[in-house]
Each structure stands twice: as C-alpha cells, then as structure tokens.
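Novice: Got a sequence here, can you model it:
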Amino acid sequence: MGFGDLKTAAGLHMLNDFLADRSYIEGFGPSQADVAVFEAVSAPPPADLCHALRWYNHIQSYEKQKASLPGVKKALGKYGPVDVEDTTAGAAADTKDDDDIDLFGSDDEEESEEAKRLRDERLAQYESKKSKKPAVVAKSSILLDVKPWDDETDMAKLEECVRSIQTDGLVWGSSKLVPVGYGIKKLQIQCVVEDDKVGTDMLEERITAFEDYVQSMDVAAFNKI
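Specialist: Numbers count the residues shown, from 1 in each chain. Predicted structure coming up:
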C-alpha cells in the first residue's frame, strides 16, 4: 500500500481521496500511522484538498504528544489504498515479491512489458474504483454556549435570534437554559454542520451580531461525526 510521493500533487490527491470517508490513516483515533504520513506531507495541503487539509490540521494539534500516540511507525509504503513504493527518504527498505509493481515509479528502461502492463492495469482499476466511490460529506456536532448580558435579557428572543441563522450546511438541534449564577442563564444549543461550509468562526460572528441580546458565544463541545 502507499500514497506515492506525498510532496507531489498526485500523492496529495490520493491522500485526500483516501481520507474522504476516514478521520485517521488507521483505526478510529490518532496513531503512529498518522504521524508517519504527516511527516511525509511536510506542509499543509492546498485548500481544495479539503479532506487532507482537515486531517493535517487535526494531526498537527498533536505535535507535542505525537511520540506518545499508540502504534508502531511503519514504512510510509505500508499505509494507503494501493500498492505504491515508499519513496520517502530514510524509509526502511521493504523486501518485495517479484510480482510487486510500483504504480507511480518512473519507467525504467529495463522494465519489462509485462510489468508495465500490470502497472497500467492496476492503476486503471484504482481510477475506476475511485470514480464510483460516492462523495462523503464531513460533518461535525457542535454544542454552543450563548451568554446574555444580564438576568433581564429575554432568553426566548435570544434563542429565536440564534435559530434565525440559516445557511447551507447548518442544522439546529435541541437547546436548554443553563444557570450561570446571579439569576443569569445561558443558552446551550446543539447544531450539526458540514465542515466545508460552516465553521465556528462564522457561527460566532453571526450570533454575536445580535448584540442587544448576546454578550458572547463559546464552543462547549466539538465532535466529528
């Protein structure tokens, strides 16, 4: 398996496709697999590769704890969707069977016609599979704390203002009033967003614009779906 050279556009595109329906390289939590691929990428992917960029920013947040992440780091070629040679500098050399083919390696003059045929066939199969794969929309569940100015703020009107914010990729959920002291209550409200369309910065800007009712907004919980 592998992604090819992750410093090239082809490698980053393959990584982006691989992460379209995954949060991590392996399993359901950050591991040494993510560290190995993260170090090979070396720089944030471009914005149009949204899945790869989301993953990169998330793994970057573990910068100080990456040595303590679970798992054993393997050669880069051990991760990914297809058989691709690990070309990362310093990666451990893998013993290859005679029928292992490098999909993205350069055409060697000594490469046999059979090897070329097999490589082209596998690449065609991968492209066909990728084209049939349905797009997966990355979503997050966010719990917001919206604080009023004082105990005289009309909380029903405050919630009405918050829910009046309607945009593509945003769905409001349940809510409740939570005491914070001195007779003041904050609005705690759930929403589900499409990551590529709605961010917490946008929510904060839109909610705090109701300055007659809202003093501030905080993110109480944020979970990928």
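
Novice: CA only for contacts and neighbour counts going forward, please
Specialist: OK.

Novice: I'd like to know how many residues surround residue 114.
Specialist: 9 (other C-alpha atoms under 10 Å).

Novice: check contacts around it.
Specialist: Not one residue lies near residue 114 by C-alpha atoms under 8 Å, 6 or more residues apart in numbering.

Novice: what about it, which helix or strand?
Specialist: Assessed by DSSP states H and E, residue 114 sits inside helix 113-132.

Novice: Tell me the buried residues in that helix?
Specialist: 115, 118, 119, 122, 123 (16 or more other C-alpha atoms under 10 Å).

Novice: likewise stretch 193-201?
Specialist: Buried-residue list, stretch 193-201, by 16+ other C-alpha under 10 Å: 193, 194, 195, 198, 200.

Novice: One more: stretch 177-190?
Specialist: 177, 184, 185, 186, 187, 188, 189, 190.

Novice: mind checking pLDDT for the nearest residue to the first one once chain neighbours are set aside?
Specialist: Computed as C-alpha to C-alpha, 6 or more residues apart in numbering, the closest residue to residue 177 that is not its neighbour in sequence is residue 187, at 4.8 Å. According to the prediction, residue 187 has pLDDT 97.

Novice: Bridge partners for residue 187, pull those for me.
Specialist: Taking DSSP bridges as the rule, residue 187 bridges to residue 146, residue 177.

Novice: That one and residue 159 touch, don't they?
Specialist: Yes: applying C-alpha atoms under 8 Å, one finds residue 187 in contact with residue 159, separated by 7.1 Å.

Novice: So which residues of the protein form strands?
Specialist: Using DSSP state E, the strands of the chain run over residues 139-148, 170-181, 184-194, 214-224.

Novice: and stretch 157-165, what's its mean pLDDT?
Specialist: Stretch 157-165 comes out with an average pLDDT of 96.

Novice: Over to stretch 127-144?
Specialist: In this model, stretch 127-144 has a mean pLDDT of 80.

Novice: how about stretch 158-167 as CSV, C-alpha atoms only?
Specialist: Taking C-alpha atoms only, stretch 158-167 is exported to CSV below (Å, rounded to 0.1, in the frame of the first residue of the first chain):
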residue,chain,number,x,y,z
LEU,A,158,-32.2,35.4,22.2
GLU,A,159,-32.8,31.8,21.1
GLU,A,160,-35.1,33.0,18.4
CYS,A,161,-32.3,35.2,17.0
VAL,A,162,-29.8,32.3,17.1
ARG,A,163,-32.2,29.9,15.3
SER,A,164,-32.9,32.6,12.7
ILE,A,165,-29.4,32.0,11.4
GLN,A,166,-30.0,29.8,8.4
THR,A,167,-27.3,28.7,5.9
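
Novice: Which helix or strand in the protein has the lowest average pLDDT?
Specialist: Using mean pLDDT, DSSP states H and E, helix 113-132 stands out as the lowest-scoring helix or strand of the chain, at a mean of 78.

Novice: In the buried residues of helix 113-132, find the pair that's most separated.
Specialist: Using C-alpha to C-alpha, the buried residues of helix 113-132 span at most 12.3 Å, a distance reached by 115 and 123.

Novice: How many neighbouring residues does residue 165 have?
Specialist: Look at residue 165: counted by other C-alpha under 10 Å, it has 13 neighbours.

Novice: Check what pLDDT the residue of the chain positioned farthest from its centre gets.
Specialist: Computed with C-alpha atoms, centre = their mean, the residue of the chain farthest from its C-alpha average is residue 152, at 41.5 Å. With respect to pLDDT, residue 152 has a value of 94.

Novice: Cool, thanks, signing off.
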